[in-house]
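Engineer: no sequence for this one, just the structure:
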């Protein structure tokens, strides 16, 4: 599959501004699971959950949620948005996600992020001013734990390891694919480029030209580190949509959610925000046109993640959004994005493709040794 | 020769506005003083009223809409900044503070800033010293020693040196501002991507 389309949920518990009703934590957690199951049903490729350790967000334990989903889905990739590489112990990330990878038969990848809630750092014994060094050191250790059977390690931020083996070992000897996410820090794009990992710029609250600069920087550095040409870097982008058959209905229905949304409510108008950022509210045709325009900003890319379930939207509405997405939008996006996609632009990585690549490089090494 | 870029920020709200009037006087005098030092000058004047909604939206969303972005970029690229606020409740106006809340913190470091304020009575004149100057000191600007406060009555008072009239104070402030600008290299804004550390540097 050349491109993956998915949804991500931040798992916010937000009052529905149209009726004043606030879901319970239990309702929101169950709703997230219904949304994820629906995502697979309508043909999406990825479901990702956020990780938060503060109200009003419910997803504090992503692998519990994704494990539940792994047992009830067949095909969809289970991912994160984001995994906190700064405040989580990298040893626990290595173990949790390797376990999830086994249970999900490889349908797992991760998006690393630093987290943007100030108090979470001290609650987990960390200093937010060390956010970048924490992301660099912790991820360096995480990679080794997945790639080396026995690890001796010493760093600045956690207790040293002597003769440690993280279990279970990654499925088929291939660690989950890793994306790195950052809105503003070139250091994180640099990190993704250095390792040849994916870079996902979730610029849903930012102007396109900012996302474009971040992605171009990552592509340039990816090529600099010898992983391929700039247009072979693994790029993911974010989007935010609300649609109804008729564009006026979409705007009318979404406006109260927009006007009261936790992130941008009581600020810019829906129209201004739609012009400045990727937010698109309208008919399926308008959604398609906007989502297809991403290619003119970012080039050919590998993954598009959409936000459809925040700001207090009721579950029923979100499920209707997913039906429309699957029926009217997704088939057109797949078809149009395939047209003119150069053959040397890689497909979005999957467990199967990474297993095949690992086998191929092993064969190469054997042939070199034998010749 | 590169023209020196002077950006003038007026937080006046009424039309016509005495803050804008003072800002124009300061800008004209500064440009004259710079030209006297053989420096070319480009002046750009920004009325915060025109960007009031964008300033609030930036505070709420975390990013500057296009029109405001352009102003913030101009400020970062300026060789000198002239700022004038009306005195509201014994301090700078809320809009003035909100605007400087969304200017990137490093953008004003080592930048010459000429401060001005207006008010209905001369009894507010220390607003420059207890409110405006500390704000720019915090931002690590180089604040011109002479700040200029204009009360309503200043607009009807002679400008002569004998009683330190408004015109005299404006000229003194402008002269100091021009000297601070002329003593510095023209400002160039670094591309944050060009100066981003390599991975080796990140590994320390």
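Structural biologist: On my side now, so go ahead. Computed from a prediction, not measured in an experiment: that's the story for all the values here.
Engineer: kindly report the residues of the stretch 51-200 of chain A close to chain B.
Structural biologist: Counting by CB under 8 Å from any CB of the partner chain, the stretch 51-200 of chain A comes close to chain B at A:132-133, A:136, A:140, A:186-187, A:189-191, A:193-194. From N, CA and C alone the C-beta is placed, and that goes for glycine too.
Engineer: where along chain A do the helices fall?
Structural biologist: With DSSP state H, the ranges of helices along chain A come out as A:25-41, A:62-72, A:90-103, A:120-123, A:131-147, A:186-195, A:208-224, A:247-259, A:270-276, A:284-298, A:315-324, A:330-338, A:351-370.
Engineer: for the ones you listed, which one ends up most surrounded?
Structural biologist: Of the helices of chain A, the one with the most neighbours on average (mean count of other CB atoms under 10 Å in any protein chain shown) is helix A:186-195, at a mean of 24.
Engineer: contacting residues around that helix?
Structural biologist: Outside of helix A:186-195, the residues within contact range by CB atoms under 8 Å, 6 or more residues apart in numbering or on different chains are A:114, A:132, A:135-136, A:139, A:143, A:178-182, A:197-199, A:214, A:217-218, A:220-222, A:224-225, A:227, A:233, B:192-193, B:196-199, B:202.
Engineer: ok, residue A:158 - how many residues close by?
Structural biologist: When counting by other CB atoms under 10 Å in any protein chain shown, one arrives at 16 neighbours for residue A:158.
Engineer: for residue A:159, see how far away the spatially closest residue to it that is not a sequence neighbour is.
Structural biologist: Closest residue to residue A:158 apart from its sequence neighbours, by CB to CB, 6 or more residues apart in numbering or on different chains: residue A:89 at 6.4 Å. According to CB to CB, to the nearest Å, residue A:89 stands 10 Å off from residue A:159.
Engineer: between these two, which has more neighbouring residues?
Structural biologist: Between residue A:89 and residue A:159, residue A:89 has the larger neighbour count (other CB under 10 Å), namely 16 against 9.
Engineer: thought that one was touching residue A:157?
Structural biologist: No. Using CB atoms under 8 Å, residue A:89 is not in contact with residue A:157, being 9.5 Å away.
Engineer: which parts of chain B sit against chain A?
Structural biologist: Counting by CB under 8 Å from any CB, the residues of chain B near chain A are B:53, B:56-57, B:59-63, B:65-66, B:69, B:192-193, B:196-199, B:202-204.
Engineer: filter those residues down to just the ones in helices.
Structural biologist: B:53, B:56-57, B:59-61, B:66, B:69, B:199, B:202-203.
Engineer: so which of those is the closest to residue B:174?
Structural biologist: residue B:69 (29.4 Å; CB to CB).
Engineer: for the closest one, give me the pLDDT.
Structural biologist: pLDDT, residue B:69: 96.
Engineer: just residue B:38 next, same as before
Structural biologist: 96.
Engineer: quick one: it from residue B:183, how far?
Structural biologist: Distance of residue B:38 to residue B:183, computed by CB to CB: 14 Å.
Engineer: picking that back up, out of the residues of chain B next to chain A, which end up buried?
Structural biologist: By neighbour count, with 16 or more other CB atoms under 10 Å in any protein chain shown, the residues of chain B next to chain A hold B:53, B:56-57, B:61-63, B:65, B:69, B:196, B:199, B:202 as buried.
Engineer: out of these, which two sit at the greatest distance?
Structural biologist: Of all pairs drawn from those, the greatest distance, 41.1 Å, lies between B:53 and B:199 (CB to CB).
Engineer: give the residue spans of the chain that score low on pLDDT.
Structural biologist: No chain was given, so I picked chain A. Residue ranges of chain A with pLDDT under 70: A:365-366, A:368-371.
Engineer: wrong one, chain B
Structural biologist: For chain B, applying pLDDT under 70 flags the ranges B:1, B:159, B:162.
Engineer: where along it do the strands fall?
Structural biologist: B:4-10, B:41-47, B:80-86, B:112-119, B:142-143, B:148-151 (DSSP state E).
Engineer: return the distance of the residue nearest to residue A:158 relative to chain B.
Structural biologist: Note on residue A:89: its distance to chain B, by CB to the nearest CB, to the nearest Å, is 20 Å.
Engineer: how close does that residue get to residue A:148?
Structural biologist: 17 Å.
Engineer: also residue A:174?
Structural biologist: 14 Å.
Engineer: those two: who's more crowded?
Structural biologist: Higher neighbour count among residue A:174 and residue A:148: residue A:174, with 20 against 13, using other CB under 10 Å.
Engineer: okay, the strands of chain B in CSV with distance to residue A:60 next?
Structural biologist: Below are the strands of chain B laid out as CSV (distance: least, CB to CB, whole Å):
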stretch, distance to residue A:60
strand B:4-10, 45
strand B:41-47, 45
strand B:80-86, 45
strand B:112-119, 46
strand B:142-143, 47
strand B:148-151, 54
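Engineer: any chance of these in TSV, plus mean neighbour count and distance to residue A:264?
Structural biologist: Shown next, in TSV, are the strands of chain B (neighbours: other CB atoms under 10 Å in any protein chain shown; distance: least, CB to CB, whole Å):
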stretch	mean neighbour count	distance to residue A:264
strand B:4-10	24	26
strand B:41-47	17	25
strand B:80-86	29	28
strand B:112-119	26	31
strand B:142-143	21	35
strand B:148-151	23	38
